[in-house]
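[1] sequence and predicted structure below; questions after.
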Amino acid sequence: MPAALTGTVLNELERLRYCFAGGDAARVAKALARAGAARYDDVPSLIRFHEVLLVLRAFPPNAAVLRRAKRYLSTFCQRVERLRKAGADMDDFDPLEVSGIAGTTMQDALGFDLARWLVKRLPGKVEIAWDDFDDERAMGAVWPRLMPLLEEDTLAEANIPWRKWLESAQGNSSKSPAWLIDRFAALPLSEAEKGRLYDSLHMPIRWRLENSRISRTRNSRPVRRVFYHDGPLIPRPDVSLAAELARQPPALRRLSRSEGESIIDLIREVMLVRYRELYGTTLGDPRSVVHAEFGRGVSIYLWNLPAERRLPLRAYVAGLTLKNGVPINYIEAIGLFEWIEVGFNTFYTFRGGEVAWTFAQVLRCLCHFTGATCISMYPYQLGHNNEEAIESGAFWFYRKLGFRPGRPDLRRLVEREETRIARDPKYRTPARTLRRLAEGHVFYELPGSELGAWDEFSTRNIGLCANRRMAAEFGGSMARIREASVRSLAKILRTRIPDEDTTARGSFEHFAMIAALIPELRSWSSQDKNALLQIIHEKSAPDEMRYLHLLQGHTRLRDTMLRLGSKI
């Protein structure tokens, strides 16, 4: 098929991919068959075909279209390989929006936990990208922990043959990072410390996807019942966040350990091939995974962190949404008391499909799971240091759903913009104004929530208060402020310092440094003190959501934290 005709076929298929009126399914099937029979002689056209196939896999109009889309995807790597052999520029497959296609090779400096998982997941297909690995200072600082007598070179010589040292230590000339990763895993350090040490290398690793199910092309899960779209999609104007959040809470089913491990593996796959690595998607606790079904082929999974990897103060939730078994977005929420900060990212390919309705279901899940009644969106989601969000007008997506800026100056700015839009429907907010609007959080409060309570709050402010105290009273010594704070809190709460359990000890230390900022703590009632002690205990217990729910019942602690966190 000539290139011009191939382009015409792709244009038609892209036009029809979200069309579900009467007769559209037949037109989609016909266009899909023509596109599948085409020969693609350039990478951009092949990528366009791939992305349409993924949409039809997630949003099929009927069973015939779904079967054909799945068939094309299952052999898609052959099309990629043909272009490779023809000398195509494979770098065109690298951008974030299209990475992870079957048959391609990827490269990134992964964190320790994800790199260790990947080496086991793709044995023999992962290697060190030596041509891009040149941080000799980091290798000189870290590798002597793993190889005897390496200091003889690192402390006195130049032009060290790093590969020769590694090959002699591992006993072969393999480019695989497996030996190095295993040695890091065996170090007598905590998992977090191993990760920080490994990450200091910034070691680039390269992996071949081939026809793996890890690829975006084949990354999906089987479903019992497919939802076929035989009518229009739900547009954003038809979505009322207030109405959705007022509905009966979704039924959250806790998965078994093995089911949870499968979901944590899935989110690692999903993020890996999109060059994304979040703390909660890499380190999810498989024992904490819950699941809910929402109809229209949508399934949502949420989970927490294991006790030893949790944040000092806030509770962390991560999640994933599947559409007919296909991953379409990831979720992040970090909460304290009744407030959660939310990150919601629909993958580029699926941004034409019921995003507002899906977002509403995600918030229903999060509010039920966490007990939150105040939702805020990260500035990054709105466009802060995120040009993609600026280009898409992400701020207005959330504003039209009912979110409001927390900063007074930004509220005034959005009111002026809305006045201009009302006067002139053709008016479009300039990019520079969108960037200003994205400088602060936006908020949505459920009925009963205290309006504006969290507008100026940041846990960073609490941390800065603790650091100023460390500088003023303890000569900048972390050890001294920690020891003094722990002794003081143990005395006030009349409890024993948890020395045997390092995770529980860490939780107690973190709260002790916060408690030291509360001079009135000594005068709290016994009931309030006992409730605080229970909260500290639950921070390192198996279920972090119980910790968050207990926080929501401690009014005095909430008010104190709000005061500390709102200081400038």
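    Great, that's in hand.
[2] who does the longest strand seen in the chain touch, helix- and strand-wise?
    Using DSSP state E, we find that the single longest strand of the chain is strand 326-336. When contacts are defined as 3 or more CB pairs under 8 Å, 6 or more residues apart in numbering; DSSP states H and E, strand 326-336 packs onto helix 43-58, helix 257-272, helix 279-282, strand 315-323, strand 339-346, helix 355-370, helix 544-551. For glycine as for every other residue, the C-beta is placed from the backbone atoms N, C-alpha and C.
[3] quick check: angle from that strand to strand 339-346?
    With axes from the mean of the first three to the mean of the last three CA atoms, to 10 degrees applied, the angle from strand 326-336 to strand 339-346 works out at 160 degrees.
[4] parallel or antiparallel, list what pairs with strand 326-336.
    According to DSSP bridges, strand 326-336 has the following sheet partners: strand 315-323 (antiparallel), strand 339-346 (antiparallel).
[5] out of these, nearest to Gly260?
    strand 315-323 (12.1 Å; CB to CB).
[6] just the mean pLDDT for that closest one, thanks.
    Mean pLDDT, strand 315-323: 98.
[7] then stretch 120-130?
    The pLDDT scores in stretch 120-130 average 95.
[8] ranges for the strands of this structure?
    Under the criterion DSSP E, the chain contains strands at 105-108, 126-128, 205-208, 253-254, 290-293, 298-303, 315-323, 326-336, 339-346, 374-377, 404-405, 442-445.
[9] need those strands in JSON lines with distance to Gly231, can you?
    Below are the strands of the chain laid out as JSON lines (distance: least, CB to CB, whole Å):
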{"stretch": "strand 105-108", "distance to Gly231": "38"}
{"stretch": "strand 126-128", "distance to Gly231": "45"}
{"stretch": "strand 205-208", "distance to Gly231": "41"}
{"stretch": "strand 253-254", "distance to Gly231": "28"}
{"stretch": "strand 290-293", "distance to Gly231": "20"}
{"stretch": "strand 298-303", "distance to Gly231": "16"}
{"stretch": "strand 315-323", "distance to Gly231": "16"}
{"stretch": "strand 326-336", "distance to Gly231": "19"}
{"stretch": "strand 339-346", "distance to Gly231": "21"}
{"stretch": "strand 374-377", "distance to Gly231": "30"}
{"stretch": "strand 404-405", "distance to Gly231": "33"}
{"stretch": "strand 442-445", "distance to Gly231": "29"}
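[10] switch those strands over to TSV; also include mean neighbour count and distance to Arg274.
    Below are those laid out as TSV (neighbours: other CB atoms under 10 Å; distance: least, CB to CB, whole Å):
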stretch	mean neighbour count	distance to Arg274
strand 105-108	18	10
strand 126-128	20	17
strand 205-208	20	14
strand 253-254	12	27
strand 290-293	20	22
strand 298-303	23	17
strand 315-323	25	12
strand 326-336	23	9
strand 339-346	21	9
strand 374-377	24	20
strand 404-405	20	29
strand 442-445	22	25
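[11] of all the ones you listed, which one is nearest Ala64?
    Short answer: strand 326-336, nearest of these by CB to CB, at 17.8 Å.
[12] distance from the chain centre to the closest one, please.
    Mean-position distance between strand 326-336 and its chain equals 6 Å (CA atoms, centre = their mean, to the nearest Å).
[13] picking that back up, and Ile462, which of the strands paired with strand 326-336 is closest to it?
    Ile462 lies closest to strand 339-346 among the strands paired with strand 326-336, at 13.5 Å (CB to CB).
[14] quick check: mean pLDDT across that closest one?
    96.
[15] that strand versus helix 544-551: what angle between them?
    Counting by the same axes, to 10 degrees, strand 339-346 lies at 140 degrees to helix 544-551.
[16] coming back round to it: quick one: mean pLDDT over the longest strand of the chain.
    97.
[17] what's the answer for stretch 370-390, then?
    Mean predicted confidence for stretch 370-390 is 95.
[18] measure it end to end?
    Start and end residues of stretch 370-390 are separated by 30 Å (CA to CA, to the nearest Å).
[19] likewise stretch 192-210?
    End-to-end distance for stretch 192-210: 32 Å, by CA to CA.
[20] quick one: residues contacting Ile492.
    By CB atoms under 8 Å, 6 or more residues apart in numbering, the contact list for Ile492 reads Ala515, Leu521, Arg522, Lys529.
[21] ok, now with 6 Å
    Leu521, Arg522 (CB atoms under 6 Å, 6 or more residues apart in numbering).
[22] again with the one 3 residues further on
    Residues near Thr495 by CB under 6 Å, 6+ apart: Leu533.
[23] ok, residues contacting the helix-or-strand element of the chain with minimal mean pLDDT?
    Counting by mean pLDDT, DSSP states H and E, the chain has its least confident helix or strand at helix 3-16, which shows a mean of 84. Outside helix 3-16, the residues that touch it by CB under 6 Å, 6+ apart are Arg27, Val28, Ala31, Arg34, Ala35, Ala38, Ser45, Arg48, Val52.
[24] not counting sequence-adjacent ones, nearest residue to Asp199?
    In space, and not counting its chain neighbours, Asp199 is closest to Gly111: 5.6 Å by CB to CB, 6 or more residues apart in numbering.
[25] now do the phi/psi pair for the one you found.
    Per-residue torsions, Gly111: phi -70, psi 160 (degrees, to the nearest 10).
[26] can you get me a residue count around it?
    Neighbours of Gly111 under the rule other CB atoms under 10 Å: 17.
[27] re the thing from before, who's in contact with the longest strand of the chain?
    57-58, 220, 270, 280, 314-321, 340-347, 350, 362, 366, 370, 372, 548.
[28] same check, this time on stretch 380-393
    Outside stretch 380-393, the residues touching it (CB under 6 Å, 6+ apart) are Ala394, Phe395, Ala431, Leu434, Ala438.
[29] ok, stretch 512-528 next?
    By CB under 6 Å, 6+ apart, the list of residues contacting stretch 512-528 from outside reads Cys465, Ala466, Ser485, Val486, Leu489, Ile492, Arg556, Thr560, Leu564.
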